[in-house]
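Peer 1: with the input below, show me the fold.
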Amino acid sequence: LDKYIVGQHDAKRAVAIALRNRWRRQQLEPELRDEIAPKNIIMIGPTGVGKTEIAWRLAALAHSPFLKVEASKFTEVGYVGRDVESMIRDLVELAKNMVQQEAIETVKVRAAEQAEERLLDLLLPPSPSQASEGQAALDELGQQHYQKTREKFRQYLHEGKLDDRFVELEVEARNFPMIEVISGSGMEDMDINIKDMLGNMFPKQSKRRKAKVPEALKILTQEESQKLIDMDNVAQEAVERVEQSGIIFLDEIDKIAGREGAAGPDVSREGVQRDLLPIVEGSTVNTKSGMVKTDHILFIAAGAFHVSKPSDLIPEMQGRFPIRVELQALEKSDFVRILSEPQNALLKQYKALLETEDIELTFESDAIDEVATIAERVNQQTENIGARRLYTILERLVDDISFNAPDMTEKQVVIDRAYVQDRLNEIVQSQDLSHYIL
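Peer 2: Now for the predicted structure:
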């Protein structure tokens with residue numbers, strides 16, 4: 001996590017322990033393993049300090065199914081909102097895609113071989129053994145000649161000599177009847193079932209399509225991969241992975257934290273918490289791939305908590321998030337590190353983008369210091385949006401270079417403090433930043 005996220009040691013430590021405990025739990029005996037519940041986490045901190053990034057990077061490092069949902073989504077339609085169980089169904093679909101891609105990787109060599117054979121069948125006339133009954137079967141010499149021709153075409157295919165040739169192949173037509181289901185609380189399953197039912201009622205239709213050889217080979221490889229994969233095993237593995245290693249990031253949890261007994265929208269907020277509670281505590285959700293238990297899914301909640309505080313959540317919800325970590329607001333020193341240190345640092349991104357135009361972009365250390373100073377100042381005087389402020393400043397800074405890059409004769413561009421101050425002169429000198437874009 002340190003390779004991608006600057007600072008926030010407490011938050012990174014908390015999620016690291018949670019992930020390690022998940023691994024430790026897997027090593028235990030089944031009887032005790034089922035008793036150990038994940039220690040869910042609430043991250044408290046302003047926007048742009050790395051809450052989402054920490055959770056997302058954690059899931060990427062652990063290869064866990066990961067879903068980010070906004071708790072406020074469940075209050076958009078008055079007291080009904082969106083069905084909270086839909087996030088489990090979405091997580092299962094993500095896990096299915098993950099497992100399917102992994103399965104495709106394991107069969108890709110065999111699928112490529114079978115697709116190549118099918119493509120050669122399209123490029124060449126039928127072999128003597130496939131000749132129709134009305135044609136006389138060719139002798140052994142004819143068979144050998146056909147095989148030589150086929151191998152020659154295979155060599156041409158590998159050398160790219162057939163890339164401009166078109167072939168005609170049959171692909172599955174994806175014309176489903178358009179039926180709209182009014183979506184509301186608990187309606188997602190109905191939508192899924194209707195699609196499945198219609199898919200079984202109407203036979204699969206195919207259509208003929210012309211494509212160049214490379215594209216045709218790609219289409220045929222995908223078709224062969226699907227044939228080699230057992231989708232029942234994929235669905236079963238996806239459910240297992242969600243139950244044992246799924247991570248759900250509940251953003252804006254503070255938006256549904258309302259004081260008990262308050263009137264108005266707070267009633268709706270508390271209702272959403274009570275709907276979320278069974279999912280977080282552990283329940284069984286019906287999905288397209290089967291029943292999913294949520295007992296061991298790790299929930300990471302996050303919110304700024306400017307107006308409310310974690311103690312404003314209902315007691316049952318508080319009990320299900322025993323770990324609270326506070327993320328610190330970013331300072332100038334943090335901005336300097338964010339610009340240059342992480343593997344995906346912003347300056348590295350800009351340099352790589354402009355390298356595609358053969359332009360070598362160099363940021364002097366005094367320029368980085370000046371950008372960090374301006375970012376901190378703008379955050380203090382306007383709205384504190386954390387590291388996201390760096391995006392707006394850098395875009396303004398390299399705007400001319402990006403626009404004129406194709407026509408520039410000078411391929412080496414050095415950005416120093418003077419260049420930064422010149423480009424952002426109005427902002428640097430202004431005492432009131434409220435009316436500036438940054």
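Peer 1: in the stretch 251-400 of the chain, where is pLDDT below threshold?
Peer 2: For the stretch 251-400 of the chain, the stretches with pLDDT under 70 are 258-268.
Peer 1: give the contact list for Ala112.
Peer 2: Counting by C-beta atoms under 8 Å, 6 or more residues apart in numbering, Ala112 makes contact with 221, 224. Glycine gets a C-beta too; all of them are placed from N, C-alpha and C.
Peer 1: what's the spacing between it and Asp358?
Peer 2: Distance from Ala112 to Asp358, counting by C-beta to C-beta, to the nearest Å: 35 Å.
Peer 1: wait, isn't Ala405 in contact with Ile359?
Peer 2: Yes. The pair Ala405 / Ile359 is scored as a contact, 5.6 Å apart, by C-beta atoms under 8 Å.
Peer 1: where exactly do the helices run in the stretch 101-250 of the chain?
Peer 2: In the stretch 101-250 of the chain, the helices defined using DSSP state H, counting those that start in this stretch lie at 140-159, 188-201, 213-228, 231-245.
Peer 1: now the ones you listed in CSV, with distance to Asp251, mean neighbour count and mean pLDDT?
Peer 2: Output for the helices of the stretch 101-250 of the chain, formatted as CSV (distance: least, C-beta to C-beta, whole Å; neighbours: other C-beta atoms under 10 Å; pLDDT from 0 to 100):
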stretch, distance to Asp251, mean neighbour count, mean pLDDT
helix 140-159, 49, 13, 80
helix 188-201, 20, 13, 55
helix 213-228, 34, 18, 87
helix 231-245, 19, 18, 91
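Peer 1: and the ones you listed: which comes nearest Leu353?
Peer 2: With C-beta to C-beta, the closest approach to Leu353 among the helices of the stretch 101-250 of the chain belongs to helix 213-228: 27.7 Å.
Peer 1: Ile256: how many residues sit nearby?
Peer 2: For Ile256, the neighbour count with other C-beta atoms under 10 Å is 29.
Peer 1: and it, its phi and psi?
Peer 2: Ile256 adopts backbone torsions of phi -110, psi 10, taken as degrees, to the nearest 10.
Peer 1: pretty sure it sits against Arg274.
Peer 2: No. Contact criterion C-beta under 8 Å: Ile256 and Arg274 do not qualify, at 10.2 Å.
Peer 1: render the CA-only coordinates of the helix or strand harbouring Ile374 in CSV, please.
Peer 2: Assigned by DSSP states H and E, Ile374 falls within helix 365-381. The C-alpha trace of helix 365-381 is given here as CSV (Å, rounded to 0.1, in the frame of the first residue of the first chain):
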residue,chain,number,x,y,z
SER,A,365,12.1,20.2,-7.5
ASP,A,366,11.3,23.9,-7.0
ALA,A,367,8.4,23.6,-9.4
ILE,A,368,7.0,20.6,-7.5
ASP,A,369,7.4,22.6,-4.2
GLU,A,370,5.5,25.5,-5.7
VAL,A,371,2.7,23.3,-7.0
ALA,A,372,2.3,21.7,-3.5
THR,A,373,2.3,25.2,-1.9
ILE,A,374,-0.5,26.4,-4.2
ALA,A,375,-2.5,23.3,-3.7
GLU,A,376,-2.3,23.6,0.1
ARG,A,377,-3.2,27.3,-0.1
VAL,A,378,-6.2,26.8,-2.4
ASN,A,379,-7.5,24.0,-0.2
GLN,A,380,-7.3,26.2,2.9
GLN,A,381,-9.0,29.2,1.3
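Peer 1: what sits against the nearest residue to Gly290 once chain neighbours are set aside?
Peer 2: Using C-beta to C-beta, 6 or more residues apart in numbering and skipping the chain neighbours, the partner closest in space to Gly290 is Val239 (5.3 Å). Counting by C-beta under 8 Å, 6+ apart, Val239 touches 92, 95, 287, 289-292.
Peer 1: out of those, give me the one that has the most neighbours.
Peer 2: Neighbour-wise, the contacts of Val239 (other C-beta under 10 Å) top out at Ala95, 27 neighbours.
Peer 1: list the buried residues for the helix or strand containing it?
Peer 2: Here Ala95, judged by DSSP H and E, is contained in helix 86-123. By neighbour count with 16 or more other C-beta atoms under 10 Å, helix 86-123 contains the buried residues 86-96, 98-100, 103-104, 107, 111, 114-116, 118-121, 123.
Peer 1: and for stretch 341-351?
Peer 2: By 16+ other C-beta under 10 Å, the buried positions in stretch 341-351 come out as 342, 345-347, 350.
Peer 1: again, but for stretch 14-28
Peer 2: For stretch 14-28, burial by neighbour count (16+ other C-beta under 10 Å) applies to 14-15, 18-19, 22, 25.
Peer 1: what does it rub up against?
Peer 2: With C-beta under 8 Å, 6+ apart, stretch 14-28 has contacts from 1, 33, 36, 38-39, 41, 54-55, 58, 62, 244-245, 296, 298, 300, 323, 325.
Peer 1: what do you get for stretch 357-369?
Peer 2: So stretch 357-369 is contacted by 336, 339-340, 347, 350-351, 354-355, 398, 401, 405-406, 408, 411-417, 419-420 (C-beta under 8 Å, 6+ apart).
Peer 1: picking up where we left off before, between which two of the contacts of Val239 is the distance greatest?
Peer 2: Within the contacts of Val239, Ala95 and Met291 form the most distant pair, 14.4 Å apart (C-beta to C-beta).
Peer 1: ok, and for stretch 389-397, which residues are buried?
Peer 2: Residues of stretch 389-397 classed as buried: 389-390, 393-394, 396-397 (neighbour count, 16+ other C-beta under 10 Å).
Peer 1: among those residues, which are in helices?
Peer 2: Counting by DSSP state H, these place 389-390, 393-394, 396-397 in helices.
Peer 1: how far does stretch 85-102 sit from its chain's centre?
Peer 2: How far stretch 85-102 lies from its chain's middle: 11 Å, per C-alpha atoms, centre = their mean, to the nearest Å.
Peer 1: quick one: residues in contact with it.
Peer 2: 63, 65-67, 69, 186, 188-189, 229, 231, 234-235, 237-239, 241-242, 246, 248, 279, 285-289, 292, 294, 297.
Peer 1: just the mean pLDDT for that stretch, thanks.
Peer 2: The pLDDT scores in stretch 85-102 average 91.
Peer 1: thinking again about what came up before, how distant is the helix holding Ile374 from the center of its chain?
Peer 2: Counting by C-alpha atoms, centre = their mean, helix 365-381 comes out at 31 Å from the chain centroid.
Peer 1: what residues of that helix count as buried?
Peer 2: 367-379.
Peer 1: show me which of these is closest to Gln318.
Peer 2: For these, the residue nearest Gln318 by C-beta to C-beta is Asn379; the value is 30.7 Å.
Peer 1: turn the helices of the stretch 101-250 of the chain into CSV, columns for distance to Pro315.
Peer 2: Listed next are the helices of the stretch 101-250 of the chain as CSV, based on distance: least, C-beta to C-beta, whole Å:
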stretch, distance to Pro315
helix 140-159, 67
helix 188-201, 30
helix 213-228, 49
helix 231-245, 27
